[in-house]
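Chemist: Sequence and predicted model, in that order:
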Amino acid sequence: MQSPAESFRIGHGYDLHRLEPIAPEGAGRPLLVGGVRLESDRGPVAHSDGDALLHAVTDALLAAAALPDIGQLFPDTDARHESRDSREFLKEAGRQVRSAGWVVANIDATVVLEKPKLSPHKEEIRSNIAAALDIDSSRVGVKGKTHEKVDAVGESRAIEVHVVALLVRN
Ligand code: MG
């Protein structure tokens, strides 16, 4: 019988992107969170499309399976990844995790963003992540928090995301 220790894997993902006024005023890209474009005059500075939530989910899944991380798979020095849709990173992580013999049991994400509010978009974000991974959206949890106006995140100078993911043996 398979050891219980071989039945589960937990992974943690983290990402932060600096937020700047959106081009042409600044270097910011449109603010994408979980594949949803949020109304904002500030957006992430990034090589890809800058979707910090999708980056953190991608890393949590890869980490759980002890696979190379997002920066190793999709280096930001590679011109092919410039302005790249981050859903492609997530889909690739899903493929790699599945071929390593794992199923995504659940994902829990916390997005720390001073504004705008995430709540009107949560369901769309959850279904975007679920669709990219070919799982039911009941397995994807997304929470929005502010940083109480303190430090870079609280001053809308950055977006920060924390994610945990649980894999079970297929
Ligand atoms: Mg990132």
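Modeler: Thanks, I have it.

Chemist: What distance do you get for Asp69 to Leu19?
Modeler: For Asp69, the distance to Leu19 equals 23 Å [CB to CB, to the nearest Å]. Glycine gets a C-beta too; all of them are placed from N, C-alpha and C.

Chemist: neighbour-wise, which of these two wins?
Modeler: Set side by side, Asp69 and Leu19 show more neighbours around Leu19, with 27 against 14, by other CB atoms under 10 Å.

Chemist: Ile10: helix or strand, and which one exactly?
Modeler: Secondary structure assignment for Ile10, by DSSP states H and E: strand 8-21.

Chemist: Tell me how many other residues crowd Lys117.
Modeler: 12.

Chemist: residue in this protein nearest to the ion?
Modeler: Per CB to the ion, His55 is where the chain lies closest to the ion, at 3.6 Å.

Chemist: so that residue sits right up against Asp69, yeah?
Modeler: No. Using CB atoms under 8 Å, His55 is not in contact with Asp69, being 10.0 Å away.

Chemist: and stretch 33-46 with the ion, contact?
Modeler: No. Counting by CB under 5 Å from the ion, the ion is not contacted by stretch 33-46; separation bottoms out at 6.1 Å.

Chemist: Pull out the buried positions in that stretch.
Modeler: Going by neighbour count (16 or more other CB atoms under 10 Å), the buried part of stretch 33-46 is 33-36, 38, 40, 42-44, 46.

Chemist: ok, and the helix or strand in the chain with the lowest average confidence?
Modeler: For the chain, the helix or strand with the lowest mean confidence is helix 70-73, at a mean of 94 (criterion: mean pLDDT, DSSP states H and E).
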